[in-house]
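Chemist: Pasting the sequence and the predicted coordinates here, then a few questions.
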Amino acid sequence: EIIGGKNGLDDDLAVLDTIIATLRDAGLTRNLRFVCADSNMMTHFLDSLDMSLAAREIVQRLINRAQDADDFKKLATLKTGDKNAASEAAKRVDANALIAGRSGSEILARLSRKNSEALDSDSFDAVHGFLTLLSAPNGIGEISAAFPHMQSWFDARTAQLGGVILPAMAGAAEMNDISFAPVISRGMAYYTGLSFEIYAQGIERPIAAGGRYDDLLQSLGASKSLSAVGGAIALERLAKAVEMAQ
């Protein structure tokens, strides 16, 4: 862990290099696979959609839970609402009436809140399409064609990663074994930048993982946001991977 360090990619690289070197010293010198995510990518994409804050928070939670685009679709279908239907229902409720123990005004307030949380079909389709393309073999190219506003973000981020992070990964894996996902590390939605998981041949779960989590310490009581990046190695999985590689 590097706490309170630099805000650039130097600390990210230091953590990644340390983990890769440790795996190499343990005996894993080839056949590694890297899956990376970048929370800024999803934030930039969602910024372009006309969604309420409540709906956007729901989308982000669903993305963090979903295993892939189809899983997101299943989860989001339950949250996709018909805003016109909610508006029509609101017209039929008397704010001064008492209905099932609740005032009409309370019911209207709940309808208004649920209406703001509803995912409209356009936003639903856009997010689903984004996640589907991201997992495609030429995902970044496909996304750039379908969502042109993402091209500049990809160009800038790829230039950053290409000069710092990717060379470190490429020393331990083939380029076609380095991929991006919308999110990784289920249940660890506190990552605020680049995060990664490392897999070894024959091991289903990651043998190592890490990433940047600049907001976590403040949420736990620190007086301000602190630059933070770290990682961990699953020792039992590492030992099994080393044994299988021999």
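Modeler: Looks like it came in fine.
Chemist: This protein: strands as residue ranges?
Modeler: Remark: strands assigned in the chain by DSSP state E are 2-3, 32-38, 98-99, 102-103, 178-180, 194-200, 208-212, 228-233.
Chemist: hey, least reliable of those strands by pLDDT?
Modeler: Ranked on mean pLDDT, the bottom entry among the strands of the chain is strand 98-99, at a mean of 60.
Chemist: quick check: longest helix of the chain.
Modeler: Longest helix in the chain, counting residues (DSSP state H): helix 150-170.
Chemist: thinking again about what came up before, quick one, which of the strands of the chain is nearest to Asp120?
Modeler: Nearest of those to Asp120, taken as CB to CB: strand 32-38 at 25.9 Å. (Glycine included, C-beta is placed from N, CA and C.)
Chemist: Which one of the strands of the chain lies nearest to Arg65?
Modeler: Ranking the strands of the chain by proximity to Arg65 (CB to CB) places strand 32-38 first, at 14.1 Å.
Chemist: Partner strands of that closest one and their direction?
Modeler: Using DSSP bridges, the strands paired with strand 32-38 in its sheet are strand 178-180 (parallel), strand 194-200 (antiparallel).
Chemist: average pLDDT across stretch 40-59?
Modeler: For stretch 40-59, mean pLDDT rounds to 81.
Chemist: how long is that stretch end to end?
Modeler: Its start and end residues considered, stretch 40-59 measures 15 Å (CA to CA, to the nearest Å).
Chemist: Please look at Tyr190 and Gly211 and confirm they touch.
Modeler: No. Assessed by CB atoms under 8 Å, Tyr190 is found out of contact with Gly211, at 9.1 Å.
Chemist: and Arg56, how far is that from Met150?
Modeler: Using CB to CB, to the nearest Å, one gets 17 Å for the distance from Arg56 to Met150.
Chemist: what does Leu194 give?
Modeler: Look at Leu194 and Met150: by CB to CB, they are 17 Å apart.
Chemist: Compare the two (neighbour count), which wins?
Modeler: In this view Leu194 and Met150 are compared by other CB atoms under 10 Å, and Leu194 has more residues nearby, 24 against 20.
Chemist: what sits against that one?
Modeler: Leu9, Asp12, Cys36, Ala37, Asp38, Leu161, Ile165, Gly211, Arg212 (CB atoms under 8 Å, 6 or more residues apart in numbering).
Chemist: Can you tell me how far it is from Met41?
Modeler: Distance from Leu194 to Met41, counting by CB to CB: 10 Å.
Chemist: quick one: contacts for the closest residue to Thr29 other than its chain neighbours?
Modeler: Spatial nearest neighbour of Thr29, chain neighbours left out: Ala172 (7.9 Å); criterion: CB to CB, 6 or more residues apart in numbering. For Ala172, the contacting residues are Ile20, Leu23, Arg24, Thr29, Arg30, Leu32, Phe34, by CB under 8 Å, 6+ apart.
Chemist: what does Ala69 give?
Modeler: Neighbours of Ala69 in contact, by CB under 8 Å, 6+ apart: His128, Leu131, Thr132, Leu134, Ser135.
Chemist: Repeat that for Leu166.
Modeler: Residues near Leu166 by CB under 8 Å, 6+ apart: Ile178.
Chemist: Only the buried residues of stretch 200-213, if you could.
Modeler: Ala200, Ile203, Pro206, Ile207, Ala208, Ala209, Gly210, Gly211, Arg212, Tyr213 (16 or more other CB atoms under 10 Å).
Chemist: Thought Met244 was touching the fourth one, still the case?
Modeler: I take that to be Ile207. No. Counting by CB under 8 Å, Met244 is not a contact partner of Ile207; they are 11.0 Å apart.
Chemist: just checking, Ile165 touches Leu13?
Modeler: Yes. Between Ile165 and Leu13 a contact is recorded at 6.3 Å, counting by CB under 8 Å.
Chemist: Compare those two (neighbour count), which wins?
Modeler: For Ile165 versus Leu13, the count of surrounding residues by other CB under 10 Å is larger for Ile165: 20 against 16.
Chemist: Perfect, that will be all.
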